[in-house]
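Q: starting from these lines, generate the structure:
(chains A, B and C)
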Amino acid sequence: MRAFLLRRLLLLVPTVLGVTLATFLMLQLTPGDPVAIMLGEFGSATEVARLRSELGLDRPVVVQYVRFLGRVVRGDLGTSIRSRRPVAEEIAERLPPTLELALAAQGLAVGVGVLAGVVAATARRPALDSAVVAVTLVGLSMPTFWSGLLLILLFSLTLGWLPITESEGLRALVLPAVTLAAPAGAVLARITRASVLEVLRQDYVRTARAKGLAERVVVYRHALRNALIPVLTVAALQFAGLVAGAVIVESVFARPGLGRLAVTAILSRDFPLAQGIVLVVAGMYVFVNAGVDVMYGLLDPRIRYR
Amino acid sequence: MSNVRATVRTVVLILAVMALATPTGVLAQAPRAGGELVLVSTEEPDTLDAQKTSTAVTGLLMRYLGDTLVAKDLAGNYTPALARSWSVSRDGLTWTFQLRTDVRFHDGTPFTAAAAKASIERALAPETKSPIAGALFGPVAEVQAAGSATLVIKLKQPFAPFLDNLTDPRAMIVSPQAVRELGDRFGRSPVGTGPFKFQEWRSADRIIFARNPDYRWGPGFVHAGPPYVDRIVVRIMPESAAQVAAFERGELSILGVPPTDVRRLQAAGKYQFFSFLRKGVGLFMEFNVTREPFSDLRVRRAFNHAIEKKSVLQIGLEGLGEIAYGPLPPSIWGYWDGIKDYAPKYDPARAKTLLAEAGWRQGAGGALEKDGRPFSFVLYTAPIDTWRRSAQIVQAQLRAFGIAMEIQTFEFGTLLSKLRAGEHQAEFMGYTYTSPDIVQLWFHSSNIGTGLTLSHHRDPKLDAMIEASRRETDQNRRLGIYREIQKYIVDQALWVPLWTNTNYIAVQPTVQGAKIHPDGFLVLNDVWLR
Amino acid sequence: MTTAVSGPVPGARAVAPRRRGVWWRRLRQRPLVLLAMGILALFLVLAAAGARLSPHDPTELIPGAVLLSPSAAHPFGTDELGRDVLSRVIAGARISLQTGVVTIGAALLLGTAVGVVAGYYGGLLDGALMAAMEVLLAFPQILLAMAILAMLGPSLRNAMIAVSLSAVPVYARTARSTTLTVRAMDYVEAARALGAGDGRILTRHVLPNMISPVVVLATAGIGIAILIAAGLSYLGLGAQPPTPEWGSMLSEARAYLRNAWWMATFPGLAITLVVVSLNLCGDWLRDLLDPRLRT
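A: As a prediction, this is how the structure comes out:
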């Protein structure tokens, strides 16, 4: 067990290095001179020089990368060009609402997705199965920037049940979370359905049925437990995708969050800020993945020795 | 230098950020204290340090957080504020202010002549890098505290906009002690003497001001004593559609209504409505005269004849405003009414002739060409709904002449730095300002590259006229100078002025006692909630 | 198990001619898939012949036709500037389909090349290439696309480049694993023993075996690419006005959500229809070509 954990954590090192390198290269690979882009073509010579040395662009690339790593380790992500505030501070302020939204969407997606998948897989009537499949197909295909607008139109503007602009509280979270959860929930429903169908074909389930156990017991006691392992893995992997997907949903619902900050950063050509956001979200993605692997290993001993 | 740089942002544009309401006069009830007033802003402030800000919204917020030495009353006349009275020497160089002695900053320290001196000197200090506030005081030679209640400001030369500039919210007096103690954090927890004091700023979400219970030194046009409402909450919401929806759900108390929703909200009959013509030109197309094809005056004139402004106003702004003709709107003192007839009229034939004179002729495919190159250019603009619509109408109108206009949108701050750098050919801009001294910011050659002279037009004759307007303290003669400036700028066709919008402010029926200030903001001291 | 070169290989050569009859029979049992194909065909026709079919120029400002609700003259109504929404939706079909096909086509070529080279030659090259791909996979796709846009600046072309690049690692990974599987097959060993060169083995054995997994991935991939590109345009990072891109049309429609429902409805429906159809076809192809491939 210790060996497994250690191996998995060691594996993190190259990935994290890779992610920091890729993020670092964002600035290096930008066509043209990023400093000139940030300052405008005729930024004064001293201004250009100051910003270059602030960004460390006047050093050899390897030195720049090492210094970049050193700063990142200390939690220093540089200074935003636009606001002149530390990037880490801006991100720290904007991350909580985004995480809140992603978590709420995750909960919804798992709850509704798994339930729908199980219902579809075990439905006696093919019509019910088809209906669930159809709904998941639409959920998967509808752009969140349209479904969000439709929800606003129906629940906020027409019925007046839910606020669209409050940035706090559970009620304010409902519509954005539903919007964000729809595609993720649809994916989970489809995976659950496939997984449950497959498990139901397995020998031990047949045995259980043959023993005359009630179908409900067969499904929920025996099949579901095994069927859900892959589902939960996918769900966990989706989480960072939800954080990234929040970019659009935050914009639709005018929520303060990391996504809106990212759009502002790009539109204002604020490279340090964009770089910081990319690094933080990608870093989260990597660590969540590793966490999922570890959990998986704990749940299913076979994987440890793979 | 960087003074002007920011005047830019402030001055520029700005959506009818916050709002106001009329007291409709039917207040039989006595005002009641308590409650929360929720306003909304499209933009997030860069900082709440009045002396370091370059965003317009900060200026508006400082109206509530701070007091200035002098104020303007609801009729637009100068009225005592932190200064009980003032006088100016005959040569116009020495200004003496008698200060109130009963005023305290939000941090409890007393307001004195020494504090006022420290505050003004901070605004002027080069290390403050004040984008706007520093420039407001003009050519200051020296600031003196003569005793605890007398402040003397000496100028190097007469400065006509001086008193007017002192009423600008960014000229507010900040607490020197708080500045010392808070350092860089002052901008996120400012301290002034105003009717409201800073409570909280949640980035991208809201800013909260709380009632200043000790406030007893308001100007004469508001009631004596602290404001009635407990708190002002300023929500930050970049999308106008979301603002309107929130207002209709009652989540906002007051709304600057976007043109698309004005008629619908008015028809609802539920809200108090108030409207006034924006103090500034809402939208104009400006040419960079250092770059082809707009270095040619004939091409610039041709554009002034080619663009049919009425459609731009009708579709871009839903007709809710006035056509603009020159650099000043009728809502700013100094506007010359004759400009309407003086400015070029819509005249496609004349436009074609001028373009032909400049060497641009229709090619085979209908496109205008000169030396085998088609007439195409890029218009830089900002992501503002009314600008985006207007740009597309202008684009379609110019296409009829065989001119290809591409639209590129940048976030406002980025847009300004690109324009200052002069990499553009033409751009969309707008401004809000309270005095005709705005022409100095837009047209004086000293502001090229650092300030708002985004046309990059260098013209000693225009510079001289502008300088004369600032030195001239006789208001009638000043008016004459401004008339000549307006004519000259139209002659040079540096802009195609498009429209000036009417600001519409909707107020929830529960909000009582709001007053509109002629400078285009809402006086909140007397507001109370039913 | 056969050892012959023509033997059935797991996940191999699905497009063999003799199975065409099977295709059609199965297709007839799936009316929804037929419908989806019909919808895609319709949009393809619109994309190809859009200019001739649409009643107006998509950027023309029709005088006096601002915000008209749907009518015989303007079946999808007009927008805030007096442009015909139907014509814009039709013009948008070309942009979106082109975006989907071009981005995924490019990603597929690049990704397959990387994956095949890595899988076939193995060793250090494999290690380096796949490490790079793994790192890119550590970024959620929309984030990666936004990072690339941050570097290139917002425009439709750059959004296409960004979406394309962000899809490369997926194809590289699939191509590599297929290559590894095929390379280990007995018949490939046999072919090599018979003196076939790398080029011949790649084109005759490796690439054909890649077709089915890649086709399945690409069909869904086009849908995702269309959604991401439209999302970027919605955020103002992609197509710029007056380009009739569906995402930017939805973005413009926000301010008119209740005054002019048609402005958001038709582009929204168009995207959803295209992506639903692509997903239906993708599911069907997956069942048909490779039932074990689940995403």
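
Q: can you list the residues of chain C near chain B?
A: For chain C, the residues in contact with chain B (C-beta under 8 Å from any C-beta of the partner chain) are C:59-61, C:66, C:80-82, C:236, C:240-242, C:252, C:254-257, C:259. (Each C-beta comes from the backbone N, C-alpha and C, glycine too.)

Q: and chain A, which of these contact it?
A: C:236, C:254, C:257.

Q: type out the PyMOL command that picks the buried ones from the residues of chain C next to chain B.
A: Here is the PyMOL command that selects the buried residues among those (16 or more other C-beta atoms under 10 Å in any protein chain shown):
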select buried, chain C and resi 59+60+61+66+80+81+82+236+240+241+242+252+254+255+256+257
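
Q: what comes up buried for the longest helix out of those in chain C?
A: Looking across chain C with DSSP state H, the single longest helix is helix C:85-121. For helix C:85-121, the neighbour count (16+ other C-beta under 10 Å) marks C:85-97, C:99-104, C:106-108, C:110-112, C:114-120 as buried.

Q: show me the helices in the chain, by range?
A: Since no chain was named, I'll use chain A. A:2-29, A:34-39, A:45-55, A:61-73, A:87-122, A:126-141, A:144-151, A:170-200, A:203-210, A:215-217, A:224-253, A:258-267, A:271-299, A:301-304.

Q: try chain C instead
A: Going by DSSP H, chain C shows helices at C:20-28, C:31-53, C:85-121, C:123-137, C:141-152, C:156-183, C:186-193, C:198-201, C:207-234, C:246-253, C:261-289.

Q: tell me the most buried of those?
A: For the helices of chain C, average neighbour numbers computed from mean count of other C-beta atoms under 10 Å in any protein chain shown are highest in helix C:246-253, which has a mean of 27.

Q: which other helices and strands does that helix contact?
A: Helices and strands touching helix C:246-253, as assessed by 3 or more C-beta pairs under 8 Å, 6 or more residues apart in numbering or on different chains; DSSP states H and E, comprise helix A:144-151, helix C:85-121, helix C:207-234, helix C:261-289.

Q: so, low pLDDT: which residues of the stretch 1-150 of chain B?
A: Within the stretch 1-150 of chain B, the ranges that satisfy pLDDT under 70 run B:1-29.

Q: at 90 instead, please
A: Residues of the stretch 1-150 of chain B meeting the criterion pLDDT under 90: B:1-32, B:42-47, B:52-59, B:126-136, B:138.

Q: residues of it that sit close to chain A?
A: B:D46.

Q: quick check: the residue of the stretch 1-150 of chain B nearest chain A.
A: Nearest residue of the stretch 1-150 of chain B to chain A: B:D46, at 6.5 Å (C-beta to the nearest C-beta).

Q: I'd guess that residue is in a helix, am I close?
A: No: using DSSP: H, G, I helix; E, B strand; the rest coil, the assignment for B:D46 is coil, not a helix.

Q: quick one: buried residues of stretch B:157-175?
A: So, applying 16+ other C-beta under 10 Å, buried residues of stretch B:157-175: B:158-162, B:164-175.

Q: next: stretch A:12-26.
A: Buried-residue list, stretch A:12-26, by 16+ other C-beta under 10 Å: A:15-16, A:18-24, A:26.

Q: chain B: which of those residues is nearest?
A: Distances from chain B to the buried residues of stretch A:12-26, taken by C-beta to the nearest C-beta, are shortest for A:M26, at 17.8 Å.

Q: quick one: that closest one from chain C, how far?
A: 6 Å (C-beta to the nearest C-beta, to the nearest Å).

Q: of all of the stretch 401-530 of chain B, which residue lies closest to chain A?
A: B:A421 (3.0 Å).

Q: tally up the residues packed near that residue, please.
A: When neighbours are defined as other C-beta atoms under 10 Å in any protein chain shown, B:A421 has 17 of them.

Q: distance check, the residue lying farthest from the centre of chain B against B:D184.
A: Computed with C-alpha atoms, centre = their mean, the maximum C-alpha offset from the centroid of chain B is found at B:A364, amounting to 45.9 Å. According to C-beta to C-beta, to the nearest Å, B:A364 stands 62 Å off from B:D184.

Q: now the helices of chain C as JSON lines including mean pLDDT?
A: As requested, the helices of chain C are exported to JSON lines (pLDDT from 0 to 100):
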{"stretch": "helix C:20-28", "mean pLDDT": "70"}
{"stretch": "helix C:31-53", "mean pLDDT": "90"}
{"stretch": "helix C:85-121", "mean pLDDT": "92"}
{"stretch": "helix C:123-137", "mean pLDDT": "86"}
{"stretch": "helix C:141-152", "mean pLDDT": "86"}
{"stretch": "helix C:156-183", "mean pLDDT": "88"}
{"stretch": "helix C:186-193", "mean pLDDT": "79"}
{"stretch": "helix C:198-201", "mean pLDDT": "80"}
{"stretch": "helix C:207-234", "mean pLDDT": "87"}
{"stretch": "helix C:246-253", "mean pLDDT": "92"}
{"stretch": "helix C:261-289", "mean pLDDT": "91"}
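
Q: nearest to B:Q266, out of those?
A: helix C:261-289 (21.2 Å; C-beta to C-beta).

Q: which other helices and strands contact that closest one?
A: helix A:126-141, helix A:144-151, helix C:20-28, helix C:31-53, helix C:85-121, helix C:207-234, helix C:246-253.

Q: if we go to 7 Å?
A: helix A:126-141, helix A:144-151, helix C:31-53, helix C:85-121, helix C:207-234, helix C:246-253 (3 or more C-beta pairs under 7 Å, 6 or more residues apart in numbering or on different chains; DSSP states H and E).
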